[in-house]
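[1] could you look at this predicted model? Sequence included:
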Amino acid sequence: MVFLDPKTDIVFKKLFGDSAYKNIAISFLNSILNRKESEIIVDVVMNDPHNFPETLALISPEELKLKSSVVDVRCTDQANRRYIVEMQVIRQEDYLERAQYYSALGLARQLRSRSEYEELEPVIFVGVLDFAILKNPRYLSHHLILDKDTYEHEFKHLELHIIELKKFNKKIEELTALSDKWIYFLQNAEDLQTIPDALNNPDMQDAFQILNKNSWSLEQLELYDRTLDEIRLQKSRIRHSREGGLTEGEAKGLAKGKAEGKLEEKINIAKQLLAFHDVATISQITGLSAKEVEELKNNTRV
């Protein structure tokens with residue numbers, strides 16, 4: 001059998017975000033979080049049932065560039081705790097700051113205008129990184145808000161759990177804990193031809209079935225290949241940039257991409273403001289010329 005890389009966007013989301021296979025997410029989360037018996041996850045509801053792009057038409061080139069770097073799956077368990085499971089392929093130096101911000105947003109966005117703070121439910125963030133970023137040597141680390149002196153865990157609404165795949169070096173015969181088996185699976189599945197006995201339990205069998213190339217349509221495989229290609233391109237750009245080895249063409253390409261991204265952002269903001277402000281005001285806010293805003297207004301249905 002040929003298995004796809006579980007670290008890529010569409011495969012990761014199919015693994016952990018498909019309601020038909022929610023047993024996979026439950027098994028993974030219970031093993032990684034090492035919950036007490038009273039906190040074991042027995043059921044989850046996928047918060048975004050449409051997070052798996054079935055066709056190329058559903059994903060733009062711009063989205064592909066973003067999704068090849070960051071992908072998340074969101075679900076809620078039977079105790080209404082919220083989970084964010086994220087795969088990060090491309091190294092981000094500010095990843096830890098972003099993870100905290102992202103988790104805090106997951107908490108803050110629960111409240112509506114008339115909601116009370118007591119209605120907030122815990123947010124548990126699980127980040128799977130295809131690189132090492134923390135100073136400690138552990139490949140799986142758990143981060144809670146604790147009292148500095150007593151280590152009491154009173155602030156219970158935010159947790160961050162980080163898996164650094166590059167630090168994991170266990171061999172198949174050394175796997176005993178289920179968490180290690182899932183980490184080994186994420187790190188090595190694409191290099192396997194058969195399901196090892198150590199990983200041959202019902203939930204992981206389902207996971208391998210999802211990874212089986214023969215279960216994917218040609219259009220899905222084309223999207224998968226495009227995602228892999230974008231990851232390789234991004235890693236190459238970063239490597240050349242760090243080495244100071246960007247060619248003139250690559251440097252121009254990067255500059256052009258950044259400029260196009262900024263212009264697209266300005267246009268999107270302007271579109272949102274058209275219903276509320278005049279052309280001059282929108283021009284001042286976005287930096288677009290009055291002529292550009294006027295053309296946008298004529299071509300946009302408000």
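    Arrived safely.
[2] what helices or strands is the longest strand seen in the chain leaning on?
    In the chain, assigned by DSSP state E, the strand with the most residues is strand 155-164. Judged by 3 or more Cβ pairs under 8 Å, 6 or more residues apart in numbering; DSSP states H and E, the packing partners of strand 155-164 are helix 22-33, helix 95-108, strand 123-129, strand 140-145. Just so you know, the C-beta spots here come from the backbone N, C-alpha and C atoms, and that holds for glycine as well.
[3] out of those, flag the one nearest residue 291.
    helix 95-108 (36.6 Å; Cβ to Cβ).
[4] the closest one vs strand 123-129, what angle?
    Counting by axes from the mean of the first three to the mean of the last three Cα atoms, to 10 degrees, helix 95-108 lies at 150 degrees to strand 123-129.
[5] how far is helix 95-108 from where the chain is centred?
    Put simply, helix 95-108 sits 12 Å off its chain's centre (Cα atoms, centre = their mean, to the nearest Å).
[6] same thing with stretch 96-109?
    Distance, centroid of stretch 96-109 to centroid of chain: 13 Å (Cα atoms, centre = their mean).
[7] quick one: contacts of that stretch?
    By Cβ atoms under 8 Å, 6 or more residues apart in numbering, the residues outside stretch 96-109 that reach it are 74, 82, 84, 86, 92, 120, 123, 125, 127, 133-134, 157-158, 160, 162.
[8] 7 Å instead, please
    82, 84, 92, 120, 123, 125, 127, 133, 157, 158, 160 (Cβ atoms under 7 Å, 6 or more residues apart in numbering).
[9] again, but for stretch 290-302
    267, 270, 271, 274, 275, 279, 280, 282, 283.
[10] possible to save those as CSV with distance to residue 238 and neighbour count?
    Shown next, in CSV, are the contacts of stretch 290-302 (distance: Cβ to Cβ, whole Å; neighbours: other Cβ atoms under 10 Å):
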residue, distance to residue 238, neighbour count
267, 27, 15
270, 31, 22
271, 32, 17
274, 37, 16
275, 40, 8
279, 40, 19
280, 41, 10
282, 36, 25
283, 36, 18
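[11] now, which of those sits nearest residue 115?
    Nearest to residue 115 out of these is residue 275 (Cβ to Cβ; 27.4 Å).
[12] this structure: strands as residue ranges?
    Counting by DSSP E, the strands of the chain are 44-46, 70-77, 82-88, 123-129, 140-145, 155-164.
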